[in-house]
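In: all I have is the shape, not the residue letters:
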DNA sequence: ATTAATTCCTACTAATAAACTAGGATTTAC
DNA sequence: GTAAATCCTAGTTTATTAGTAGGAATTAAT
């Protein structure tokens, strides 16, 4: 039996977003250890380690090694778009190979009505994820929780 | 090494759309055998059989059994939305479980800023795929091919 | 200096899902 | 009655996802 629904995002993207939102909620407070985030979210810290590594290499977070070390955002939450996180962790979101820029054009691209459809879908997704920043999510978070006191728990 | 990009649609959805576009291009001309479509698109006919079955059960195509039989659209191409095809073959497209209606709400849905994000992504995708009909794709097809003579080949 | 807490790195493994294939039963035009 | 088709269930193979495991390097605190 096949899976019934298609998750657009795998755990890489979903956990990555949760992790980054946690860091955004703590922006300006210094580095926090990954294990803390993993515990709060009930996720495997060794798995999160794997996910935060490319985020660091792409300049979205910075790390402090050693005891009392940890991670923090490398720039202001308003400068980090959800699309950045997703593209680093999941790659480009596209309905089919032929829409990806890196790919050579498929031989009949000019005749291809399905390609046009895929381009519309891709554009629509990119519009959303590139217009929402971590700051927007932090604002949503406080608005939804109807409080100005920073909380720690955040669910999927 | 992990896959680099995320295909939103699997072969189920992509082949399904190609198949349905072929049927739309031949709408009104009677049933055509699946093997013909598979040959034109260089796809496995036994695999396509599996995909067309749910499309038939959901009333998008109708079949004629026996020799000279085949498949045809069960309604006008303008009445069949790309979203219908995708939902039948791939299930709901959602970034995470918690956005799916069938799912019980996750315990902290009201506090959940990531859920809000997922809802925005989902809405944006649904807006696109539910606004494009097979007729629109047929029109695009002829416009892209700059001809009024119906052609057979159509690529991914 | 030693210890404990942390990041960093590579490689492996288990579970799940995707992408088909196989085989045959049933239907129907010719 | 035969060939061409749909219909149905159950496999199989391959790829991807979602982790684990183990340890090296770094650093604050004692």
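Out: Here it is on my side, so go on. No experiment lies behind these values; they were computed from the predicted model shown. Residues are numbered from 1 along each chain as shown, chains lettered A, B, ... in the order given.
In: and chain A, which residues reach DNA strand D?
Out: A:10-12, A:44, A:46-47, A:50, A:64-69 (C-beta under 7 Å from any atom of the strand). Quick note: C-beta positions are derived from backbone N, CA and C, even for glycine.
In: mind doing that once more with 6 Å?
Out: Proximity of chain A to DNA strand D (C-beta under 6 Å from any atom of the strand) is limited to residues A:10-12, A:44, A:46-47, A:50, A:65-68.
In: of these, keep whichever come out buried.
Out: Among the residues of chain A next to DNA strand D, the ones that count as buried by 16 or more other C-beta atoms under 10 Å in any protein chain shown are A:10-12.
In: for chain A, which residue gets nearest to DNA strand D?
Out: Nearest to DNA strand D, among the residues of chain A, is residue A:66, at 2.1 Å (C-beta to the nearest atom of the strand).
In: residue contacts, that residue?
Out: Not one residue lies near residue A:66 by C-beta atoms under 8 Å, 6 or more residues apart in numbering or on different chains.
In: what's the separation between it and DNA strand C?
Out: As judged by C-beta to the nearest atom of the strand, to the nearest Å, residue A:66 and DNA strand C stand 5 Å apart.
In: okay, that residue: pLDDT?
Out: Here, the pLDDT recorded for residue A:66 equals 97.
In: gap between it and residue A:47?
Out: 22 Å (C-beta to C-beta, to the nearest Å).
In: show me what from chain A comes close to DNA strand C.
Out: Applying C-beta under 6 Å from any atom of the strand, one finds that chain A approaches DNA strand C through A:2-3, A:33-35, A:49, A:53, A:56, A:63, A:65-71.
In: what number of residues lie near residue A:128?
Out: Number of residues near residue A:128 (other C-beta atoms under 10 Å in any protein chain shown) recorded here: 17.
In: now it: which helix or strand?
Out: Using DSSP states H and E, residue A:128 maps to helix A:113-129.
In: buried set for the helix or strand following that helix?
Out: Per DSSP H and E, the first helix or strand lying C-terminal to helix A:113-129 is helix A:134-145. For helix A:134-145, the neighbour count (16+ other C-beta under 10 Å) marks A:134-138, A:140-141, A:144-145 as buried.
In: from the buried ones among the residues of chain A next to DNA strand D, which ones fall inside helices?
Out: Taking DSSP state H as the definition of helices, those contribute A:11-12.
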